[in-house]
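[1] What follows is a protein structure lacking sequence information:
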């Protein structure tokens, strides 16, 4: 019983984090941007947004 209590007490709930990444180099300005959905250190989804040069 004590173990279940401690597990419920210290288990953390979290939300997914959306990160906009890019452009990484001046020559790629506006060409590629990635939208990452992460859960901690795990990338769950990537959406590429491709632009024009």
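    Everything's here; your move. Since the model is a prediction, treat every value here as computed from it, not as a measurement.
[2] Can you list the residue ranges for helices in this structure?
    Taking DSSP state H as the test, the helices found in the chain are 2-10.
[3] where does this protein dip in pLDDT?
    Along the chain, segments meeting pLDDT under 70 span 1-12, 27-30, 52-53.
[4] all strands in it, in order from the N-terminus.
    Applying DSSP state E to the chain gives strands spanning 17-21, 32-39, 42-50.
[5] could you dump these to CSV with mean neighbour count?
    Yep, even glycine has a C-beta here, placed from its N, CA and C like the rest. Listed next are the strands of the chain as CSV, based on neighbours: other C-beta atoms under 10 Å:
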stretch, mean neighbour count
strand 17-21, 10
strand 32-39, 14
strand 42-50, 10
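[6] residue contacts, residue 50?
    By C-beta atoms under 8 Å, 6 or more residues apart in numbering, residue 50 lies in contact with 31, 32.
[7] no, scratch that, I was asking about residue 18
    Going by C-beta under 8 Å, 6+ apart, residue 18 touches 35, 36, 37, 38.
[8] Check these against residue 44 and report the nearest one.
    The closest of the contacts of residue 18 to residue 44 turns out to be residue 37 (C-beta to C-beta; 4.8 Å).
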